[in-house]
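[1] Show me how the following folds:
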Amino acid sequence: MRYDRIRVLMLALVGWLGDAASAATQERLDPRLFEVPKIESSWTDLTDGIDSPEAWAERRQVLKRRFLELIRDDAKPERVPLELRYEASVEVEGVYVRHLVSYAVERDERATAYLGVPISATDARSTPAIVALHGTYPRGIEQAAGLDDDSSKAYLDHLCRRGYVVIAPEHFVSGRRIPPLGAYDTTAFHQRHPEWTSVGKFTYEHAIAIDVLETLEQVDPTRIGAMGHSLGGQGTIFLAAYDERIKAAADNCAAAFFRHNPDVLEWSRDRWYVYFRPIRAGLLERRMPAIDFHEIMALVAPRAFLDVSALDDGHRATQRQRVLMLMEVAEIWHVLNADDEFAFFVHGRGHSVPAETRALIYTWLDEHLKPRSAP
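    Below is the predicted model of the structure:
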């Protein structure tokens, strides 16, 4: 009995010492460890003063005007009739028909695209459609159509097999339209259009590709999306900001923005492919354009938008800034009560389209462009 009483007393003493030690530890913990610190960044100029949909609508008007000024949209030519022609057609494994088409984009200038139509798409205005934009590759639409060795970028083939009508337009300085100085050289373009920009040109042409989709009786014009990698990723951002017929967009490994970018002058270089020639003088004087990419992306809200990027795609510090930027962009969708329409994914697979990002992009498009009852 005496032994039992001693054992009980010892256990009580140990418990008391433990409680005392725990209390002392808690007293020593800095209460700031449990607070959530505010994340400071330079990207808050997007959301400063934006606390309601009405406030955003007012800011958006200003940003849309700045975006159109950046791409020099006022210098675009007058829209001409499509004059759509089907140049060749082939059935692919009984799943879809791939057409090579051409259509007018300017007076005396035609664009070429592959157009994929699932054989199962027979009902009028029932099928979702995608504008699939290729990267900086001389035979870009062949790659997008699955006629090249790199199957990871065969977007038209992949998406047609998922039930989409897909158009893969050829970039205006590639494929059948390679200029005299070589693929992606914009010298001849700027000689013809000294006041326009390459971004304005390809965005305008990609909007015309939407016109082509709308000529097809199978396409539901309320369910058109866009996706692309690299240069096609940039094109996706610009097209979705430019044309509200794009209801869901996903860009992969689009180039970095203007601020916090040691390579910013590449946006207005003096050789080869020149995106925004008019901003070069300002950049040389360390003056940034009036709009940056977080504001251009936000023009897509509240429509569905997914940004996919890699921390090891270019300067790591710049790509880390992209994460801060995207967190701020997400706030615009939050203000518009559309949080589930915006997402971003950051990986470490470099400038590529690995299987997991393709699956994510295609699933994102499915989620936002197919009926909820679709598998």
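[2] Go through stretch 75-88 and flag the buried ones.
    Within stretch 75-88, the residues that count as buried by 16 or more other C-beta atoms under 10 Å are 76, 82. Backbone N, C-alpha and C define where each C-beta goes, glycine included.
[3] mind listing the helices in the stretch 251-375 of the chain by residue range?
    Taking DSSP state H, counting those that start in this stretch, the helices of the stretch 251-375 of the chain run over residues 280-284, 293-298, 316-335, 355-369.
[4] tell me the centre residue of the chain?
    residue 251 (2.7 Å; C-alpha atoms, centre = their mean).
[5] that older thread, could you dump the helices of the stretch 251-375 of the chain into JSON lines with mean pLDDT added?
    Below are the helices of the stretch 251-375 of the chain laid out as JSON lines (pLDDT from 0 to 100):
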{"stretch": "helix 280-284", "mean pLDDT": "97"}
{"stretch": "helix 293-298", "mean pLDDT": "98"}
{"stretch": "helix 316-335", "mean pLDDT": "98"}
{"stretch": "helix 355-369", "mean pLDDT": "97"}
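[6] quick one: which of those is nearest residue 267?
    helix 280-284 (7.5 Å; C-beta to C-beta).
[7] What sits closest to residue 181 if chain neighbours are left out?
    residue 187 (5.5 Å; C-beta to C-beta, 6 or more residues apart in numbering).
[8] I meant residue 92, not that one.
    Residue 92 sits nearest to residue 98 (C-beta to C-beta, 6+ apart), 5.5 Å away.
[9] Quick check: phi and psi on that neighbour?
    Main-chain torsions, residue 98, degrees, to the nearest 10: phi -100, psi 120.
[10] thinking it is in contact with residue 118, fair?
    No. Contact criterion C-beta atoms under 8 Å: residue 98 and residue 118 do not qualify, at 10.7 Å.
[11] which neighbours do the two share?
    residue 160 (C-beta atoms under 8 Å, 6 or more residues apart in numbering).
[12] Assign a three-state SS to the residue nearest to residue 370 when sequence neighbours are not counted, would you?
    Excluding the flanking residues, the one nearest residue 370 by C-beta to C-beta, 6+ apart is residue 128, at 6.0 Å. At residue 128 the chain is in strand, as set by DSSP: H, G, I helix; E, B strand; the rest coil.
[13] Test my guess that residue 128 contacts residue 371.
    No. When contacts are counted by C-beta under 8 Å, residue 128 is not listed as touching residue 371 (9.2 Å).
[14] Flag the shaky bits of the stretch 1-150 of the chain, pLDDT-wise.
    The stretch 1-150 of the chain contains residues with pLDDT under 70 at 1-27.
[15] residue boundaries of the helices in it?
    Using DSSP H, counting those that start in this stretch, helices in the stretch 1-150 of the chain cover 2-28, 53-70, 140-144.
[16] how about the strands in the stretch 201-350 of the chain?
    Listed in chain order, the strands of the stretch 201-350 of the chain (DSSP state E, counting those that start in this stretch) span 219-229, 246-252, 304-310, 342-347.
[17] ranking these by burial, who's on top?
    strand 246-252 (a mean of 26; mean count of other C-beta atoms under 10 Å).
[18] got the CA positions of that strand in CSV?
    What follows is strand 246-252, C-alpha atoms only, in CSV (Å, rounded to 0.1, in the frame of the first residue of the first chain):
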residue,chain,number,x,y,z
ILE,A,246,-12.9,33.7,-75.3
LYS,A,247,-14.7,32.2,-72.3
ALA,A,248,-11.9,30.1,-70.9
ALA,A,249,-8.1,30.4,-71.5
ALA,A,250,-5.0,28.6,-70.4
ASP,A,251,-1.4,29.8,-71.1
ASN,A,252,1.7,27.7,-70.6
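[19] which other residues reach that strand?
    131, 210, 222-230, 232-234, 236-237, 239-240, 300, 303-309, 353, 357, 361, 364-365, 368-369.
[20] partners of it in the sheet?
    Here strand 246-252 is paired, per DSSP bridges, with strand 219-229 (parallel), strand 304-310 (parallel).
[21] For residue 42, which of those is the nearest?
    That would be strand 304-310 among those, by C-beta to C-beta, at 18.1 Å.
[22] Would you mind giving the secondary structure of residue 176?
    Residue 176 is classified as helix under three-state DSSP.
[23] Check what pLDDT it gets.
    Here, the pLDDT recorded for residue 176 equals 96.
[24] ok, now residue 191?
    98.
[25] do you know which of the strands of the stretch 201-350 of the chain lies nearest residue 30?
    Among the strands of the stretch 201-350 of the chain, strand 342-347 sits nearest to residue 30 (C-beta to C-beta), with 30.4 Å.
[26] nearest to residue 256, of the helices of the stretch 251-375 of the chain?
    Closest among those, using C-beta to C-beta: helix 316-335, at 5.1 Å.
[27] buried stuff in that closest one?
    Applying 16+ other C-beta under 10 Å to helix 316-335 flags 318-319, 321-322, 324-326, 328-333, 335 as buried.
[28] Tell me if I'm right that residue 241 and residue 297 touch.
    Yes. Here residue 241 reaches residue 297: they are 7.2 Å apart, a contact under C-beta under 8 Å.
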